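> Have a look; sequence and predicted model below, questions after that.
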Amino acid sequence: MKSHNSVHSTVIFSEWHGLPNGFASSSLLMAKLLQKLNRKNLLSSTSNGTFVSTLMTETYGKPSHVSEHLHSNFSANTVPDGYFESIKLLSKQGQLKDALHILHLMNRRGLQPDSSTYAALLQGCIDIRTLSEGKLVHAHIILTGFFPDIYLCTKILIMYAKCRDLEDARKVFDEISERNVVSCNAMVAAYSRQGFPEQALALFCQMRTGVGVWPDEFTFASILPACAALGGLRHGREVHEEVIKSGFQSDTFVGNTLVDMYAKCGSVEDAHKVFEKMTELDVVSWSALIAGYVQNGCGSKAMKIFRQMQSRIMEPNAVTYVGVLSACADSESLGCGGEVHEDIVRRGFQSVVVLCNALIDMYVKCRRMDEAWKMFDKMPERDVFSWTSLISGYAQNGYLEMAVKLFEKMPERNVVSWTAMIAGCAQNGYFDKALTIWHQMRGGGMQPNSNTFASILPACAGLGTLHKGREIHEDIIRSGFQDNVFVGNALVDMYAKCGCIEDAQKVFENMTTRDVVSWNEMIVGCAMHGFCNMVLQLFERMQYSGTKPNHVTFVGILSACCYAGLVDDGCQYFDCMSRDWNLIPAEEHYCCLVDLLGRAGRLNEAHDLINKMPMKPGAAVWRSLLGACRIHNNIELGEHAASHLFVLDPKNAVHYVLLSNIFAAAGRWDEVEKVRKMMKDRRVEKMPARSWIEVNNKVYDFFVGDKSHPQMQAIYAMLEKLSGQMKQAGYVPERNFVLHDVEDEQKEHILCHHSEKLAIVFGLINTPPGTTIRVVKNLRICGDCHSATKFISRIVAREVVVRDAIRFHHFKEGQCSCGDYW
């Protein structure tokens, strides 16, 4: 090892004790030992042997009965081999404390261990991953003046690396005077396996130029996973070229790693090419290719490879089955999953925990919770992932009560379990419950990870609770996840849905890495707020960045054109999907186009488009047409659209309400009553209009005509006052939005008590002047409330942001961001 004066106190110590300077700075351990020994007054030891004996005794105390027995059986004449073999045996059995006591005994008798004895001790430390004993062995080597060969130096390096002390591992590596491929491989593998791919790649590049060592098959098998971790296809291809130049292209071990690297870098085609060129395939080769197709969303191809594997009479292992079951789960192929399950049982793998977990996951994703429960119930042994998979399945499939019961019974919870519960609640609309579980998790001291943050933020978005979202954002920064792309995407979505498009944009612009989801979140967010120009500018930037748009991108663009009334632009973007981007428009894109044409009054064109759709139009498409008929009071086409909806989605109250609106606007009250009777006969329940507002970190709910709130007297008094001021300013109640055949005065009374108006006034009463009022409504804002809120924003000189079921409305100084085109 090379002399290296990085720890001054250690060098001094080595000089005091006559140790070779070459060992002076092998690790920071020596400085720490020196401080400890100074406190114990042990530096007066007259020899290195006394020093080491004292150190061993101080560290380990009295020997166990095993080493005492050995001690009593060793005489002064015992040959060194007896000591060596005892240390090797104890190290192999994991009894390092006893092995170190024998080392202590040898030291007292002036015996020096050989290289193989030290190697056995270090291997024992590696096997049970004990850094403290490993450092002690290293210290013994240094302090007794033993000069380690390259083999022992590498063993010390591996010990530090396996015990996750990369800093000392690198110091040992740097001090090896003549490095070979084994020592280089050990360091490269340590960096690669412990999440430092950049350092692994840098060292690999230095091997030949700086160290003069040529890579072997183990080097390539270590560096290729680092390329995969970086997602660096360019680096991976360069290493592949080195593999060919070095003549290892036919090595199965290297070939398997190449398959894995290409798949993880997103180039499954290259992975398959490597696979096809391999001269010898083993079960790892097949499993790697199957997993690669699954990782890249090609479940059907993964199943095809599995069938080929079976036809070659290649026995699958547990890893193979995990990949195949993931393919079945992703494609929701219950039939194939059932066949694989039977094959697993035939081969006797039914008790392997990782396979049982994969089976549970497959049944969950195929929405067969009964089979998932049977699998879970039969497991002889369960781990935290078994519980989490089942809990997540119940939560995501809407069985929240069952998920909570299982969660409470879990013998051990980790961050994955907590995240599964939070995500399940948020995905099913149980936003309050998601936040409750979040608080329980944080109160219990569990630290969230990036997935937890990405799961809780949609709950804040769903409730529109901006304060809680900002609080969690601060937690994200403290936890160091602000640069995580998934967390960043969730933050953009949260701020956009909480009405703060400016904050959403700040997060987006500060993201160090953006994927297609990042762009989509920002585009859809701006579209919801009616900022069409921003959407189109973002789309231009997205293309310039090299990010390819997907179907979601165009849903956002078409929605923006729809809200802005840009009919011609919307039609052009619809056409360019297939022409420029090879994206076949799906039903949701046709739905946007129907909405775009319908809102513009081009109802017949919208109807013709529906009739020409390449797929059968679903409820969403007909609902867009019905909504347009409501805006333009087209009774005939509205009845036609409603007739389809009553067949496709007969339990959805929105369709009946829209048709009632059309009849009510035309004064056809008999038809309104018929629609109401139809709803009653079909037991269709109308969702009550609900609005909520966050004030002083608490969310308040309001319903139409609500009188339950303790401040209702003040709210209605202020509403009355505002109503008079609004009328003086020119406001005229739009009575046609009342679906009851009653007198005009009563209609005005009903309109005055709509939930969004109650929430807005509550906000005005309980927040300081100038504060933006943010209200969320579960249904679409009615025309009268829209008109009234414009007047309110001017009278009180406040900005009012209302998020309804369709989009955002920013009311300011008597105007709305939608330009009354909604």
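Thanks, I have the structure now. Residues are numbered from 1 along each chain as shown.
> which regions of the chain lie under the pLDDT threshold?
1-81, 735-752 (pLDDT under 70).
> give the contact list for the residue nearest the centre of it.
Geometric centre of the chain, nearest residue: residue 451, 3.8 Å, by Cα atoms, centre = their mean. The contact partners of residue 451, by Cβ atoms under 8 Å, 6 or more residues apart in numbering, come to 416, 419, 423, 486. C-betas here are computed from N, CA, C, even on glycine.
> and it, backbone torsions?
phi -70, psi -40 (degrees, to the nearest 10).
> before we move on, what about the one 10 residues further on?
Its backbone dihedrals place residue 461 at phi -60, psi -40, with angles given as degrees, to the nearest 10.
> do you know how far it is from residue 400?
19 Å (Cβ to Cβ, to the nearest Å).
> Between the two, tell me which one has more neighbours.
residue 461 (23 against 18; other Cβ atoms under 10 Å).
> And for residue 494, the neighbour number?
Residue 494, neighbours per other Cβ under 10 Å, totals 30.
> any idea which helix or strand carries it?
Here residue 494, judged by DSSP states H and E, is contained in helix 485-497.
> Do a quick rundown of the helices in the stretch 151-300 of the chain.
Per DSSP state H, counting those that start in this stretch, the stretch 151-300 of the chain carries helices over the ranges 166-175, 181-193, 197-206, 217-230, 233-246, 252-264, 268-277, 283-295, 299-311.
> what packs against the helix or strand where residue 623 lies?
Taking DSSP H and E as the criterion, residue 623 maps to helix 619-632. Packed against helix 619-632 by the contact rule (3 or more Cβ pairs under 8 Å, 6 or more residues apart in numbering; DSSP states H and E) you find helix 587-599, helix 603-611, helix 635-648, helix 653-665.
> Can I get that helix in PDB? Just the C-alpha atoms.
Coordinates of each C-alpha in helix 619-632 appear next as PDB, following Å, rounded to 0.1, in the frame of the first residue of the first chain:
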ATOM      1  CA  ALA A 619     -71.100   8.100 -22.600                       C
ATOM      2  CA  ALA A 620     -68.500  10.900 -22.400                       C
ATOM      3  CA  VAL A 621     -68.900  11.700 -26.100                       C
ATOM      4  CA  TRP A 622     -72.800  11.900 -25.900                       C
ATOM      5  CA  ARG A 623     -72.500  13.900 -22.700                       C
ATOM      6  CA  SER A 624     -70.400  16.500 -24.500                       C
ATOM      7  CA  LEU A 625     -73.000  16.800 -27.100                       C
ATOM      8  CA  LEU A 626     -75.800  17.000 -24.500                       C
ATOM      9  CA  GLY A 627     -73.900  19.700 -22.700                       C
ATOM     10  CA  ALA A 628     -73.600  21.700 -25.900                       C
ATOM     11  CA  CYS A 629     -77.300  21.300 -26.500                       C
ATOM     12  CA  ARG A 630     -77.900  22.800 -23.000                       C
ATOM     13  CA  ILE A 631     -75.800  25.800 -23.900                       C
ATOM     14  CA  HIS A 632     -77.600  26.400 -27.200                       C
END
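> What are the buried residues along that helix?
619-631 (16 or more other Cβ atoms under 10 Å).
> the inter-axis angle of it versus helix 653-665?
20 degrees (axes from the mean of the first three to the mean of the last three Cα atoms, to 10 degrees).
> related to what we said a few turns ago, format the helices of the stretch 151-300 of the chain as CSV; extra columns: mean neighbour count and distance to residue 786.
Output for the helices of the stretch 151-300 of the chain, formatted as CSV (neighbours: other Cβ atoms under 10 Å; distance: least, Cβ to Cβ, whole Å):
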stretch, mean neighbour count, distance to residue 786
helix 166-175, 20, 61
helix 181-193, 23, 59
helix 197-206, 19, 54
helix 217-230, 23, 51
helix 233-246, 16, 51
helix 252-264, 25, 51
helix 268-277, 18, 51
helix 283-295, 24, 48
helix 299-311, 18, 46
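> mind checking which of those is nearest residue 688?
helix 299-311 (42.2 Å; Cβ to Cβ).
> for the closest one, packing partners?
For helix 299-311, where contacts count as 3+ Cβ pairs under 8 Å, 6+ apart, the packed elements are helix 283-295, helix 318-330.
> of all the ones you listed, which lies closest to residue 107?
Nearest to residue 107, of these and by Cβ to Cβ, is helix 283-295 at 45.7 Å.
> and that closest one, what does it pack onto?
Helix 283-295 sits against helix 252-264, helix 268-277, helix 299-311, helix 318-330, with contacts defined as 3+ Cβ pairs under 8 Å, 6+ apart.
> May I see the buried residues of the helix or strand where residue 702 lies?
Residue 702 belongs to strand 698-703 when assigned by DSSP H and E. Neighbour counts using 16+ other Cβ under 10 Å place 699-700, 702-703 of strand 698-703 among the buried residues.
> hang on, the earlier thing: between the helices and strands packed on helix 283-295, which gets nearest to residue 104?
helix 252-264 (41.6 Å).
> Please name the spatially closest residue to residue 460 (chain neighbours excluded).
Leaving aside its chain neighbours, residue 460 sits nearest to residue 469 (3.8 Å; criterion: Cβ to Cβ, 6 or more residues apart in numbering).
> Make sure that neighbour is actually in contact with residue 457.
Yes. Counting by Cβ atoms under 8 Å, residue 469 does reach residue 457; the two are 6.5 Å apart.
> Between the two, which contacts overlap?
Contacts common to residue 469 and residue 457, judged by Cβ under 8 Å, 6+ apart, are residue 494.
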